[in-house]
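Peer 1: Pasting a predicted model and its sequence here:
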Amino acid sequence: MDELIRRRLAAGGERPATTEAAPAGGAAEPLPPVTGDTFRAAMRQLAAGVSVVTVGQGEARTGFTATSVTSLAVEPPRLLVCVGRDSSSWPALREAGAFCANVLDASQQWLADRFAGRDGIYGPARYEGVSWHAMPSGAAALAGALASIDCVLEEAIECHSHVILIGAVEAVLLGPAEASPLLYWRGDYRRLDPGS
């Protein structure tokens, strides 16, 4: 972090704020150090959509559940997805060079659990009992997903415990407009209240 601050200052930037909180009209008080637990607790406050990311074809098919899926750019269309470096899907994704992010609806929680490995099912067996469509990249689109976003892997950046994937969007399938998304918040699945 000190190197980042030095580079920012050398470029004419300002020093980032200290880790002190100043109450209104009072002196700053030191904040506790950031630990993995406090950071995890903070990130659990961020509600996120749930996606199943599919990878590969035939017996090489696999995939994972992700909440770190977001738009990176619209022109040209790019998708950002994060996957754990220790995920069994990462080597397959690197080999395939493509993936499809399937945004789940509220009725597809069981599939999120399956692709998260919660039921001990791995590889091509994760695809059983569900309808899939082949996308241009060769990855699979889930029938009934809110959206399926097919990508060719443009860049993979290994950073600490994860890999940041940047996908060049090749195709998009949109699902039913009246469906409600599956969300993940505070360590559990949630659904939007349709009356709100």
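Peer 2: Yes, it's here.
Peer 1: Excluding covalently adjacent residues, which one is nearest to the spatially most central residue of the chain?
Peer 2: In the chain, the centroid-proximal residue (C-alpha atoms, centre = their mean) is residue 68; its distance is 2.0 Å. Spatial nearest neighbour of residue 68, chain neighbours left out: residue 82 (3.7 Å); criterion: C-beta to C-beta, 6 or more residues apart in numbering. Using the backbone N, CA and C atoms, a C-beta is placed for each residue, glycine as well.
Peer 1: can you pull out the strands in the chain?
Peer 2: In the chain, the strands defined using DSSP state E lie at 20-21, 29-30, 48-49, 51-55, 62-66, 69-73, 78-84, 98-103, 132-134, 140-142, 147-159, 162-174, 182-185, 188-191.
Peer 1: Reformat those strands as a markdown table; add mean pLDDT, distance to residue 120 and mean neighbour count.
Peer 2: A markdown table is the format used below for those (pLDDT from 0 to 100; distance: least, C-beta to C-beta, whole Å; neighbours: other C-beta atoms under 10 Å):
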| stretch | mean pLDDT | distance to residue 120 | mean neighbour count |
| --- | --- | --- | --- |
| strand 20-21 | 60 | 45 | 10 |
| strand 29-30 | 86 | 46 | 9 |
| strand 48-49 | 96 | 25 | 17 |
| strand 51-55 | 98 | 17 | 29 |
| strand 62-66 | 98 | 14 | 25 |
| strand 69-73 | 97 | 24 | 14 |
| strand 78-84 | 98 | 18 | 19 |
| strand 98-103 | 98 | 21 | 28 |
| strand 132-134 | 97 | 21 | 14 |
| strand 140-142 | 98 | 21 | 26 |
| strand 147-159 | 98 | 26 | 18 |
| strand 162-174 | 98 | 23 | 18 |
| strand 182-185 | 97 | 21 | 19 |
| strand 188-191 | 94 | 19 | 13 |
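Peer 1: so can I have JSON lines of those strands showing distance to residue 110?
Peer 2: Listed next are the strands of the chain as JSON lines, based on distance: least, C-beta to C-beta, whole Å:
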{"stretch": "strand 20-21", "distance to residue 110": "43"}
{"stretch": "strand 29-30", "distance to residue 110": "46"}
{"stretch": "strand 48-49", "distance to residue 110": "17"}
{"stretch": "strand 51-55", "distance to residue 110": "11"}
{"stretch": "strand 62-66", "distance to residue 110": "11"}
{"stretch": "strand 69-73", "distance to residue 110": "19"}
{"stretch": "strand 78-84", "distance to residue 110": "21"}
{"stretch": "strand 98-103", "distance to residue 110": "14"}
{"stretch": "strand 132-134", "distance to residue 110": "16"}
{"stretch": "strand 140-142", "distance to residue 110": "12"}
{"stretch": "strand 147-159", "distance to residue 110": "18"}
{"stretch": "strand 162-174", "distance to residue 110": "21"}
{"stretch": "strand 182-185", "distance to residue 110": "10"}
{"stretch": "strand 188-191", "distance to residue 110": "10"}
